[in-house]
Every structure is written in structure tokens, then in C-alpha cells.
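Visitor: 3D, please:
(one chain, ligands or ions: 2)
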Amino acid sequence: MSDYILETRDLTKEFKGFTAVDRVNLQVRRGHIHALIGPNGAGKTTCFNLLTKFLVPTRGTILLNGTDITGEKPAQIARRGVIRSFQISAVFPHLTVLENVRIGLQRFTGTSFHFWKGLTALRQLDAKVLALLDLVDLRDMAQAKAADLPYGRKRALEIATTMAMEPELMLLDEPTQGMGHEDVDRVTQLIKRVAEGRTVLMVEHNMRVVSTIADRLTVLARGAVLAEGNYAEVSRHPAVLEAYMGSEATELQGAH
Ligand SMILES: Nc1ncnc2c1ncn2[C@@H]1O[C@H](COP(=O)(O)OP(=O)(O)OP(=O)(O)O)[C@@H](O)[C@H]1O
Ligand SMILES: [Mg+2]
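Guide: Ligands and ions are numbered 1, 2, ... in the order given. Take a look at the predicted model:
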């Protein structure tokens, strides 16, 4: 099997003649936390939407474990173990934290409403629910309504419901967006924890986050790949510094 779980070949997206993603060749190594970064308008979200099949590419191919999935629908890639968090895994606000995670697990295992399945199956399910709550540090809030959780904790719950689907590749779209420092650090550590034994591809603006947890980074600018490497490498890459100049230069350098 290939070292790369996800690859793109000359992935391109044009909007009425404007090239938002320009012949991007991504290689996401199995087991890595891979970050997609770049200044505003670089094409990160468009690229992410191509990978999660929310957008259809103009040209190029997407390979998952060596299989061409370019023509597949979101539901098909979800079945292949590619799960996009923060969009698909809706949280039910009026249910408790515990109920939300349980429903996520039931959806995945297909045991929803099979109440006749007996106590053993239910107990096994509950054990899994509690393990997931422990993983994301929400056990003490199990009985709280999802709607009552603070913002950062809601994200943790979303991660738990995504984890319930046992993704092989987890795609995160700006997981720390709109968070205060404390929540950013919490969610960063949480991603690191849930990334064990799987692969994570994340779009992220926050350089502190990517410098802390990303094994590898791809820097996009004007739709094309500008640089690639670990944080130390890309953060001192002249083209990267130039691309960030003005907008986020301080952020890029200020991470360490
Ligand atoms: N549906 C669309 N139609 C036309 N142009 C688009 C569309 N979506 C994105 N673009 C353009 O493509 C370019 C890349 O946008 P994209 O949202 O992918 O960038 P980004 O890297 O996610 O930026 P940000 O950091 O601001 O989120 C931008 O110039 C944007 O205006
Ligand atoms: Mg974006």
C-alpha cells in the first residue's frame, strides 16, 4: 500500500475563467497531521471543498489509497472513511452531549432504534460513548444540553461525533476559527489526541496551531502550491514570507 492516503494530481478549479486552484499536487502521508495554509484568497477552502466533493474539479484527479475518487459523491467517500468534520457532523442542540455521541455511534453502526437488540449491545454502545467522551474531555458534561456548551466545547463534541464514524482520514476546516486562546489550545491538543492512529488534513489560519501539531504543511498562494515541508522549513521559506507579507507576516513569524 502507498505511503500516501490522499493524493491529488494537477487538481484545478476554475470559476468563470478565474483559476482558484491551479494544478495542485498534494500528498498526504498516512498517519500525519497535514495542514493546508496560505494567505487570504489562496484557494484553501476551494481546495478543501474539492477534496470533500462539495465542488467538482475542472481538471485533475483525486486519489484515495491509490483509487481514483474524483467522480465520487460525498456519501461515497464517507463510506471509504473520509469524514469532514464541522460541516457534516451536525450536533443536535436540544439533546445532551451523551445523546449526541450515542446517536453518532448508532448512525455509524446502524443500530438506531433496534431497541430489541438487547441489553448487551446497548451496554457495549454506552461503553463506546463514554470512551469517546473521555477522549474529547467531555465526560463531566455528559448530561449537559449541547446548546448550553461553550463554543470550544461544542467543537469538542463535534469532534467526538466525527470520531464515532471511525474516520481513516479526518478533514478539518479551520477547527479553531473564532476561538479565544484557551479554547484554541484545548482544541489543538484535542486534535493531536484524536489524530493518533489516523490521518488528519486541516485547513488552518492559526500559525500557532499548525506549528504545534502539523507534521507537514502545504502552503498555497494564488491557487498554486508555493512551498511544502515541516513548519520550520516553510516558515522561513522566502516565497512564503513574501506571500504573507503585509497580511499575516507577524503571525507567521510570531509563532515561536
Ligand atoms: N464560487 C466562487 N466563484 C468565484 N470565485 C470564487 C468562488 N469561490 C472562491 N472564489 C475565489 O477563489 C479564490 C480562492 O478562494 P478561497 O475561498 O478558496 O480562498 P481561501 O484560501 O480559503 O481564503 P481565506 O483565507 O480568505 O478563507 C478567491 O479569489 C475567491 O474570490
Ligand atoms: Mg477559506
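Visitor: How many residues are close by the closest residue to Ala42 other than its chain neighbours?
Guide: The shortest distance from Ala42 to any non-neighbouring residue, by Cβ to Cβ, 6 or more residues apart in numbering, is to Leu220 (4.1 Å). C-beta coordinates here come from the backbone N, C-alpha and C atoms, glycine included. Number of residues near Leu220 (other Cβ atoms under 10 Å) recorded here: 25.
Visitor: give the contact list for Leu220.
Guide: Listed by Cβ atoms under 8 Å, 6 or more residues apart in numbering, the contact set of Leu220 reads 24, 36-38, 42-44, 47, 226.
Visitor: Ligand 2: which of those residues is nearest?
Guide: Lys44 (5.0 Å; Cβ to the ion).
Visitor: Is it correct that the closest one is in contact with Met202?
Guide: No - applying Cβ atoms under 8 Å as the test, Lys44 and Met202 come out as separate, 10.0 Å apart.
Visitor: Thr120 versus the closest residue to ligand 2 within the stretch 51-200 of the chain, what's the distance?
Guide: Going by Cβ to the ion, ligand 2 is nearest to Glu174 of the stretch 51-200 of the chain, at 7.1 Å. Distance, Glu174 to Thr120, using Cβ to Cβ, to the nearest Å: 41 Å.
Visitor: just to revisit the earlier point, the contacts of Leu220 in helices, which ones?
Guide: 44, 47 (DSSP state H).
Visitor: Return only those of the contacts of Leu220 found close to ligand 1.
Guide: Among the contacts of Leu220, the ones lying near ligand 1 by Cβ under 6 Å from any ligand atom are 38, 42-44.
Visitor: And the furthest pair within those residues?
Guide: Pairwise distances across these peak at 7.0 Å for Gly38 and Gly43 (criterion: Cβ to Cβ).
Visitor: So the two - more neighbours on which side?
Guide: Gly38 (26 against 23).
Visitor: these two touch, right, that one and Gly223?
Guide: No - with contact defined as Cβ under 8 Å, Gly38 does not reach Gly223; the gap is 9.2 Å.
Visitor: And the strands in the stretch 1-150 of the chain, which stretches?
Guide: 4-15, 18-24, 27-29, 33-37, 59-64, 67-68, 82-84 (DSSP state E, counting those that start in this stretch).
Visitor: Turn these into JSON lines, including mean neighbour count, mean pLDDT and distance to Pro93.
Guide: Shown next, in JSON lines, are those (neighbours: other Cβ atoms under 10 Å; pLDDT from 0 to 100; distance: least, Cβ to Cβ, whole Å):
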{"stretch": "strand 4-15", "mean neighbour count": "19", "mean pLDDT": "98", "distance to Pro93": "32"}
{"stretch": "strand 18-24", "mean neighbour count": "19", "mean pLDDT": "98", "distance to Pro93": "33"}
{"stretch": "strand 27-29", "mean neighbour count": "19", "mean pLDDT": "97", "distance to Pro93": "33"}
{"stretch": "strand 33-37", "mean neighbour count": "26", "mean pLDDT": "97", "distance to Pro93": "29"}
{"stretch": "strand 59-64", "mean neighbour count": "18", "mean pLDDT": "98", "distance to Pro93": "33"}
{"stretch": "strand 67-68", "mean neighbour count": "10", "mean pLDDT": "96", "distance to Pro93": "37"}
{"stretch": "strand 82-84", "mean neighbour count": "24", "mean pLDDT": "89", "distance to Pro93": "20"}
